[in-house]
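Participant: pasting a predicted model and its sequence here:
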Amino acid sequence: MSLFDPSDLSPSVHDDPELMLVKQHWLSTDPKGERFGRVLRETIDQLLDGEHTGRFDWSCLHKTEKTHAGTLVEINLLRAFSLKSGLDMDYLIEGIEVDCKFSQTPYGWMIPPEALDEICLVVWADDSESKWSAGLLRANRAKLTTSENVTKKGNRDGKFRLTKKDRNLVHWIWSDMPLEENLLLHLDQETQEAILTAGSDSKRSAGQAKVNQLFRRVQKRRINRTVIRTLAQQKDYMKRVRGDGGARDRLRDEGILICGDYPNHRMVAETLGLPIPQEGENVSVRVVEAKPHHGESPRVLLEGRYWVEAGPDDAHERAPLLPSTSKKRGAASED
């Protein structure tokens, strides 16, 4: 976490008591910026709307959708943090009017005339870099410059932006924070294409084929629901993961286990030394029954036998069932 450094050359936050109060409010509400970061991740996913469009790349958004991003960030932050709406600006924080501005690039904010001399919450997030920052800016009329954008009718848009020499006017609350990774966007091209083209010859099971290929090709990594939703493109998208016809069932013959966020699934993942699935996540791995050549490799007891992560030279074996997720003790399950 990279918070504002008092040794920074920017003007002291203490020179602006209102700005200091707003900054303290954010830090007391969300010290590490974890909730703020989740809102940005969810907002980007909301715009991409993978369930209905199959999109996972910001560059695929229409111009109007990108323009709408700022409004969604503003609204989603207001709801997530139970903020009050201002009379003239977006928020009323500690009795102070605050405007919210979002950009996909650092310092790319456009400040409207009505926000001049007001405090702006300035936010940027870049899905390709998996980073975000949020800070406060007193929109100093003397330090901003007109954007010089001209409409087709010859009218200037009337907005302002920071010049490079005055970027130190931004007081960062959280700077260069990690944005939860957009997994599909960051896969290597070969893996991405293999997943996206799976089932292309079948209209009935294309979504299932893509989800199967995902867990086959992307192992030992936490995969969240948004990825599944984007590939499955259906309302009950998690059906494509579960047993009884989902990837957990279909990939067993290949020796692949898919651990979900159930406590007993998490225990299996932890015992095997895998990333532990968090809420709404799954992690896959190919396993084989433990043999002498596996030495001291982490192993887990399933169906009365010990299993380890398969090595590249291990032949495929049918994977065991994961522990039951029901209340009945001793039952196997493919849920």
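Facilitator: It's in.
Participant: at which residues are the helices of this protein located?
Facilitator: Shown for the chain, the helices assigned by DSSP state H span residues 17-29, 34-48, 50-53, 63-80, 183-186, 189-197, 206-217, 225-232, 247-250, 263-271.
Participant: now the ones you listed in CSV, with distance to residue 312 and mean neighbour count?
Facilitator: To be clear about C-beta, it is placed using only N, CA and C from the backbone, and glycine gets the same treatment. CSV is the format used below for the helices of the chain (distance: least, C-beta to C-beta, whole Å; neighbours: other C-beta atoms under 10 Å):
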stretch, distance to residue 312, mean neighbour count
helix 17-29, 48, 16
helix 34-48, 34, 19
helix 50-53, 32, 16
helix 63-80, 43, 15
helix 183-186, 23, 17
helix 189-197, 17, 14
helix 206-217, 15, 23
helix 225-232, 25, 24
helix 247-250, 22, 22
helix 263-271, 21, 17
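Participant: need those helices in TSV with distance to residue 173 and mean pLDDT, can you?
Facilitator: Conversion of the helices of the chain to TSV gives the following (distance: least, C-beta to C-beta, whole Å; pLDDT from 0 to 100):
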stretch	distance to residue 173	mean pLDDT
helix 17-29	5	97
helix 34-48	8	98
helix 50-53	29	95
helix 63-80	12	96
helix 183-186	26	97
helix 189-197	34	97
helix 206-217	36	96
helix 225-232	26	96
helix 247-250	40	96
helix 263-271	33	97
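Participant: residue 279: which of those helices is closest?
Facilitator: Comparing the helices of the chain against residue 279 with C-beta to C-beta, the closest turns out to be helix 225-232 (9.1 Å).
Participant: follow-up on the earlier one: between the helices of the chain, which gets nearest to residue 144?
Facilitator: So among the helices of the chain, helix 17-29 is nearest, using C-beta to C-beta, at 15.9 Å.
Participant: I'd like to know which elements that closest one is packed against.
Facilitator: strand 91-93, strand 96-103, strand 119-126, strand 131-138, strand 171-178 (3 or more C-beta pairs under 8 Å, 6 or more residues apart in numbering; DSSP states H and E).
Participant: nearest to residue 229, of the ones you listed?
Facilitator: Residue 229 sits nearest to strand 119-126 of all the helices and strands packed on helix 17-29, at 20.1 Å, using C-beta to C-beta.
Participant: hmm, back to that, take the helices and strands packed on helix 17-29 and write them to a markdown table, including mean neighbour count and mean pLDDT.
Facilitator: Formatted as a markdown table, those follow (neighbours: other C-beta atoms under 10 Å; pLDDT from 0 to 100):
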| stretch | mean neighbour count | mean pLDDT |
| --- | --- | --- |
| strand 91-93 | 19 | 98 |
| strand 96-103 | 20 | 97 |
| strand 119-126 | 23 | 97 |
| strand 131-138 | 22 | 97 |
| strand 171-178 | 19 | 97 |
